[in-house]
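Chemist: sequence and predicted structure, then a few things I'm wondering about:
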Amino acid sequence: MHTALTQADAAGLAARRAVPVEPLDKHTFRNAMSCLGAAVNIITTDGPAGRAGFTASAVCSVTDTPPTLLVCLNRSASVHPVFAGNQQLCVNTLAAGHEDLSNLFGGKTPMEARFAAADWSRLETGSPVLAGAVVSFDCRITQTVSVGTHDILFCEVVALLHNDAGHGLVYFDRRYHPLTRQLS
Ligand SMILES: NC(=O)c1ccc[n+]([C@@H]2O[C@H](COP(=O)([O-])OP(=O)(O)OC[C@H]3O[C@@H](n4cnc5c(N)ncnc54)[C@H](O)[C@@H]3O)[C@@H](O)[C@H]2O)c1
Ligand SMILES: Cc1cc2c(cc1C)N(C[C@H](O)[C@H](O)[C@H](O)COP(=O)(O)O)c1[nH]c(=O)[nH]c(=O)c1N2
């Protein structure tokens, strides 16, 4: 049912919109962002610039034509020059049970130790594909846009690997939460 706004309601809304919004400090922003549950992914690359991987929750679908997703990567991360050099990557969406691996790729651990903790294969680009990931998107980076501290990597998907058996994993309220898949 639609309710018509009275003139007084409309005036009240306009008045509320007119209240100036204080600039948010990053602590307040991060606290608010901690309420947005998100899938956790290990983003990997391999190529002329070397092999690297990091944990990312800032990943989302952009368009299905051409199939494109985006990944936000902090330019101050040690892995940044490797991704910029290779221009290809694999988004490995983590399953329940991958919590320790996520922390390993999200910390200051040397790259060899990160990759030694799991099994990997390859698809088209040669970027490492994580065994047991819920899904892996093998991609070429088609565009990079810098916003603030991060680069937004637009990635066109060239190959996929599904794992229909794995349960999911989300990061919410600064903790990992398993997601149960209904298995038939
Ligand atoms: N987008 C990101 O770069 C991002 C996302 C999640 C976590 N992290 C990093 O992981 C560590 C632990 O994070 P946490 O979630 O436990 O606590 P936190 O308080 O650092 O972050 C809370 C939320 O804020 C957002 N966020 C954090 N750092 C950000 C950044 N530099 N730029 C944009 N958004 C950011 C994310 O959504 C995160 O879940 C921190 O070092 C954090 O910087 C980075
Ligand atoms: C759950 C979770 C989620 C994210 C991260 C961490 C964790 C634990 N990190 C941080 C990122 O993984 C970390 O900075 C990298 O490992 C790079 O670190 P090095 O500079 O290589 O040690 C991260 N960084 C980033 O640039 N974009 C992102 O979306 C995320 N998301």
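Modeler: On my side now, so go ahead. A quick note: this is a predicted structure, and the numbers were derived from the prediction, not measured. Ligands and ions are numbered 1, 2, ... in the order given.
Chemist: wait, a helix at Asp151?
Modeler: No - if the criterion is DSSP: H, G, I helix; E, B strand; the rest coil, then Asp151 is strand and not within a helix.
Chemist: looking at it, it is touching His80, isn't it?
Modeler: Yes - applying CB atoms under 8 Å as the test, Asp151 and His80 come out as touching, 7.2 Å apart. Every residue, glycine included, has its C-beta placed from N, CA and C.
Chemist: looking at the two, which one has more neighbours?
Modeler: Per other CB atoms under 10 Å, whichever of Asp151 and His80 has more neighbours is Asp151, with 19 against 16.
Chemist: close to ligand 1: what parts of the chain are there?
Modeler: Residues of the chain lying close to ligand 1 by CB under 6 Å from any ligand atom are Arg30, Met33, Ser34, Ser57, Ala58, Cys72, Asn74, Gly106, Thr149, Arg174.
Chemist: could you list which of those residues belong to strands?
Modeler: Mapping these onto strands (DSSP state E) picks out Cys72, Asn74.
Chemist: specify the local secondary structure of Gly85.
Modeler: What three-state DSSP gives for Gly85 is helix.
Chemist: residues contacting it?
Modeler: Gly47, Pro48, Ala49, Gly50 (CB atoms under 8 Å, 6 or more residues apart in numbering).
Chemist: also Thr44?
Modeler: For Thr44, the contact set (CB under 8 Å, 6+ apart) comprises Arg51, Ala52, Gly53, Leu89, Cys90, Asn92, Trp120, Ser127, Pro128, Val129, Leu130.
Chemist: in strands only, show me these.
Modeler: Among those, the ones falling in strands (DSSP E) are Ala52, Gly53, Leu89, Cys90, Asn92, Trp120, Val129, Leu130.
Chemist: I'd like the residues you listed as CSV, with neighbour count and pLDDT appended.
Modeler: Shown next, in CSV, are the ones in strands among the contacts of Thr44 (neighbours: other CB atoms under 10 Å; pLDDT from 0 to 100):
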residue, neighbour count, pLDDT
Ala52, 26, 98
Gly53, 27, 98
Leu89, 27, 99
Cys90, 30, 99
Asn92, 30, 98
Trp120, 16, 98
Val129, 21, 98
Leu130, 27, 98
